[in-house]
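# Sequence plus the predicted model coming up.
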Amino acid sequence: MSEFFNPDNPVMRFITKIANSVYLNILWFICSLPVFTIGASTTALFYVTLKMAKNEEGNITAAFFHSFKENFKQATKIWLILLAAGIVFALDGYIFYHMRFENMLWTIGTAVFLVALAAYAIILMYIFPLLARFDNTVFAMFKNSIFIGMRFLLCTVLMAAIYFTMLFVAIHIFTPAVIFGEGLCALLCSYLLANILLMCQEQKEAAKPQKAADLPRL
């Protein structure tokens, strides 16, 4: 029995990470309450969960707020762009849904809308983990998010499935599961992303000498 409660036991490490993800979810929620801080809060969340995926988390609270402050300006700018785009997509979706016409123009418009919406979803899933991991311009963050999301399509599908499953369970099956929320989703996605981000870093280093601004944050 004493072996089971050993902190180095794989089961105990797993339980500890789940508990930490709940704590991170609470931190993320509190820091996201002003709404405009959601970008910085999500970046900080992934900064920690990416470390957790590599067993390098250390002091979780300190790491979270370190990233929150360090990335606040750029993360907020990115989030406000995404928020504005999301509002536009919501309005367009409402219009397309309530103005259904069986003609070529409506069909083409709907197809373009769905492709754009898929690209938006990919960016939303990848851009904050990338910001947590690398220094780059806002434009480069958007470009790299869609590029990596399309290149590693299986990872993208699995990440989308994680978020959808959490949302479905919290709404339709077990509402208290919301306590895991974004924290657990970020942790699971970080396990999927860890090797991909490492590969991107290695390819970048092999292509050219790193500049100071391109050094990874982890």
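Yep, that arrived. The structure displayed is predicted, hence computed values, not measured ones. Residues are numbered from 1 along each chain as shown.
# Quick check: residue 200 touching residue 145?
No - using Cβ atoms under 8 Å as the test, residue 200 is too far from residue 145 to be in contact (11.4 Å). Backbone N, C-alpha and C define where each C-beta goes, glycine included.
# Quick check: neighbours shared by the two?
Shared contacts of residue 200 and residue 145, defined by Cβ atoms under 8 Å, 6 or more residues apart in numbering, are absent.
# burial measure for residue 121, as a count.
16 (other Cβ atoms under 10 Å).
# now do residue 106
Other residues near residue 106 come to 13 when the count uses other Cβ under 10 Å.
# residues in contact with the strand or helix carrying residue 165?
According to DSSP states H and E, residue 165 maps onto helix 153-168. Helix 153-168 has contacts (Cβ under 8 Å, 6+ apart) with 121-122, 125-126, 149-150, 177, 180-181, 184-185, 188-189, 192-193, 196.
# so where's this structure uncertain?
The model of the chain has pLDDT under 70 over residues 1-10, 100-103, 207-218.
# where does the residue sitting nearest the centre point of it land in three-state SS?
Nearest residue to the geometric centre of the chain (Cα atoms, centre = their mean): residue 125, 4.3 Å. Three-state call for residue 125 (DSSP: H, G, I helix; E, B strand; the rest coil): helix.
# now residue 57
Following three-state DSSP, residue 57 is assigned to coil.
# Thought residue 63 was touching it, still the case?
Yes - if you go by Cβ under 8 Å, residue 57 and residue 63 touch, sitting 6.8 Å apart.
# Can you pull the residues that touch both of these two?
48, 51.
# what's stretch 94-111 in contact with?
Stretch 94-111 is contacted from outside by residue 113, using Cβ under 8 Å, 6+ apart.
# Buried ones in that stretch, by neighbour count?
Buried positions in stretch 94-111, judged by neighbour count with 16 or more other Cβ atoms under 10 Å: 109-110.
# Could you tell me the end-to-end distance of it?
Counting by Cα to Cα, to the nearest Å, you get 15 Å between the two ends of stretch 94-111.
# tell me how far that stretch is from the chain's mean position?
Centroid separation for stretch 94-111 versus its chain: 31 Å, with Cα atoms, centre = their mean, to the nearest Å.
# residue ranges for the helices of this structure, please.
With helices called from DSSP state H, the chain shows them at 10-32, 38-53, 60-70, 72-98, 104-133, 138-151, 153-168, 181-207.
# which helices and strands sit right next to the third one?
Contacts of helix 60-70 with other secondary structure elements, assessed using 3 or more Cβ pairs under 8 Å, 6 or more residues apart in numbering; DSSP states H and E, are made with helix 10-32, helix 38-53.
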